[in-house]
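Enquirer: Below are the sequence and a predicted model; questions follow.
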Amino acid sequence: MHSHIPARILEKELPALLLALLPLVGVLAAPALAPLVFSLAAAQFLYRALIERRAPRLDRSFLALALLFAFLSLASAAWSIVPARSLAGAFQITGIFAGALIFLGQPALPQKTGRRVMRAMALAYVAAALILAFDWSAGFPIEGFLSGDAPNAAAKYNRGVAYAVLFAWPVAGLLWRERAWRTLLPLLFALLAALLITLSLTAKLAALAALAAFAAAAAAPRVTGAVLAGGSALFAAFAPFLLRLVSSYRDLLAPYVKHSGVVRLEIWNYMTARVFQRPFLGWGFWSAAFLPISRRELESAGWSHAPGFYPHDQWLQIWVETGVFGAFLALVCTLLALKRARGLSLSLRPFAYASFAAAMTISLADFDLATDSWWAALAVCAYLFKIASAAESNSRL
């Protein structure tokens, strides 16, 4: 009996504790999400390999895509303009993929535990919103202390609120199915409050995209799935052209967008130009910060005074660093995730499509591709749907 205690702790109690506190920890300290999730995944891997003598349960399709992209990233060092950085990035993304896949491969929590965790997460959303509201009203002393960057403390919440948009949908899906309105409504109001306070336009747009996808899927799930798949494929294929077109109107758009939006348009302008110079293999993984930018391009930008930005669009980053082959792998991975969402029950599918739309929106404007907390957030979101689906299936037995 005692031999099962470590397994129960690693596969039930620790995941349950982590998920229950996730909205609170994620909003206050979003970068901490990766070490928490991946440390648990590493502990599970070591226990299974050394004690139970069994291989981890991994999704073979996602594993194959992860290996192919990791190999492409590693191989890109051969033609990269910064070989050492490409090697470092390849090793980092490989480790991130491993942690995400191992975490996602753990079994779903038992039905009762999963339901309790979802309710606890809803309460954690309320606690996070209350802390965020207090910190905002007081001038952000809490985040200034935690981050050590008081002048930019307000912006430190941006990532956590964006992740909170992702996590809210699987939790809401289970609570909706169980008609747990007393828990669901506070969660939604808490998320709305966080979105009103945050400075992140990306998080707000992600929430709107998710809400639109949810409404469309509730009315026509098949059509919505097809639209999401088609839209993802079109953008993946034509991202450099579309972003080049949008960035060409940056002077016209400048009076109507934030300063950060203008900077993004400038970055997209010279990043897309580099894509067309090396469209097949790219410039090497993790090389975007070192791309050759002409003095004329910098002077025409107005706001950007030196190169060194990451593309602020993960699809553009994939194109500029790994070319058409990387973009193809990313698209296959995206469509596979959408296929898994389509495989959920009709009651959960609109919530899954909402999370998918939110994730796609975030990927269009934020985070370096090798941001560990981003992949940890995606793995957690997928695992939460795994819990919700298992709880729904068990309730029918």
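Expert: Everything's here; your move. Residues are numbered from 1 along each chain as shown.
Enquirer: What ranges in the stretch 251-397 of the chain fall below the confidence cut-off?
Expert: Counting by pLDDT under 70, the stretch 251-397 of the chain shows low-confidence ranges at 298-309, 393-397.
Enquirer: rerun that using 90 as the cut-off
Expert: 251-267, 269-270, 289, 292-312, 365-366, 391-397 (pLDDT under 90).
Enquirer: and if you look at the stretch 51-200 of the chain?
Expert: Residues of the stretch 51-200 of the chain that meet the criterion pLDDT under 90 lie in 51-57, 106-107, 110, 140, 142-156, 199.
Enquirer: Now do the helices in it.
Expert: For the stretch 51-200 of the chain, helices defined by DSSP state H, counting those that start in this stretch occupy the ranges 60-75, 83-105, 111-137, 141-147, 158-177, 181-197.
Enquirer: Select, out of those helices, the one closest to residue 350.
Expert: helix 158-177 (8.0 Å; CB to CB). Placement of C-beta: from N, CA and C, glycine included.
Enquirer: and the angle for the closest one with helix 111-137?
Expert: Using axes from the mean of the first three to the mean of the last three CA atoms, to 10 degrees, the interaxial angle of helix 158-177 with respect to helix 111-137 works out to 140 degrees.
Enquirer: which stretch among the helices of the stretch 51-200 of the chain comes nearest residue 238?
Expert: helix 60-75 (20.5 Å).
Enquirer: got the angle between the closest one and helix 83-105?
Expert: 170 degrees.
Enquirer: Helix 60-75: how far from the chain's middle?
Expert: Taking the mean of its C-alpha atoms, helix 60-75 sits 18 Å from the chain's own mean (CA atoms, centre = their mean, to the nearest Å).
Enquirer: try stretch 134-150
Expert: The offset between the C-alpha centroid of stretch 134-150 and the centroid of the whole chain comes to 24 Å, using CA atoms, centre = their mean.
Enquirer: who does the lengthiest helix in the chain touch, helix- and strand-wise?
Expert: In the chain, with assignment by DSSP state H, the single longest helix is helix 314-342. Taking 3 or more CB pairs under 8 Å, 6 or more residues apart in numbering; DSSP states H and E as contact, the helices and strands that helix 314-342 lies on are helix 60-75, helix 221-247, helix 259-277, helix 349-363, helix 372-396.
Enquirer: Can you say which of the helices of the stretch 51-200 of the chain is packed in most?
Expert: Using mean count of other CB atoms under 10 Å, the stretch among the helices of the stretch 51-200 of the chain with the greatest mean number of neighbours is helix 158-177 (a mean of 26).
Enquirer: Could I get the phi/psi values of residue 215?
Expert: Main-chain torsions, residue 215, degrees, to the nearest 10: phi -60, psi -40.
Enquirer: burial count for residue 333?
Expert: A count of neighbours around residue 333, defined by other CB atoms under 10 Å, yields 17.
Enquirer: looking at it, it is touching residue 59, isn't it?
Expert: No: look at residue 333 against residue 59 with CB atoms under 8 Å: they stay out of range, at 11.0 Å.
Enquirer: Assign residue 286 to helix, strand or coil.
Expert: When the structure is split into helix, strand and coil by DSSP: H, G, I helix; E, B strand; the rest coil, residue 286 lands in coil.
Enquirer: Report the contact partners of the residue nearest to it when sequence neighbours are not counted.
Expert: Sequence neighbours aside, residue 89 is the residue nearest to residue 286 in space, at 2.9 Å (criterion: CB to CB, 6 or more residues apart in numbering). By CB atoms under 8 Å, 6 or more residues apart in numbering, residue 89 lies in contact with 73, 285, 286, 370.
Enquirer: Residue 34: which of the residues you listed is nearest?
Expert: residue 370 (11.0 Å).
Enquirer: What distance do you get for the closest one to residue 388?
Expert: Between residue 370 and residue 388 the computed distance is 29 Å (CB to CB, to the nearest Å).
Enquirer: Of these two, which one has the most company?
Expert: The residue with more neighbours, out of residue 370 and residue 388 and counting by other CB under 10 Å, is residue 388; that gives 29 against 21.
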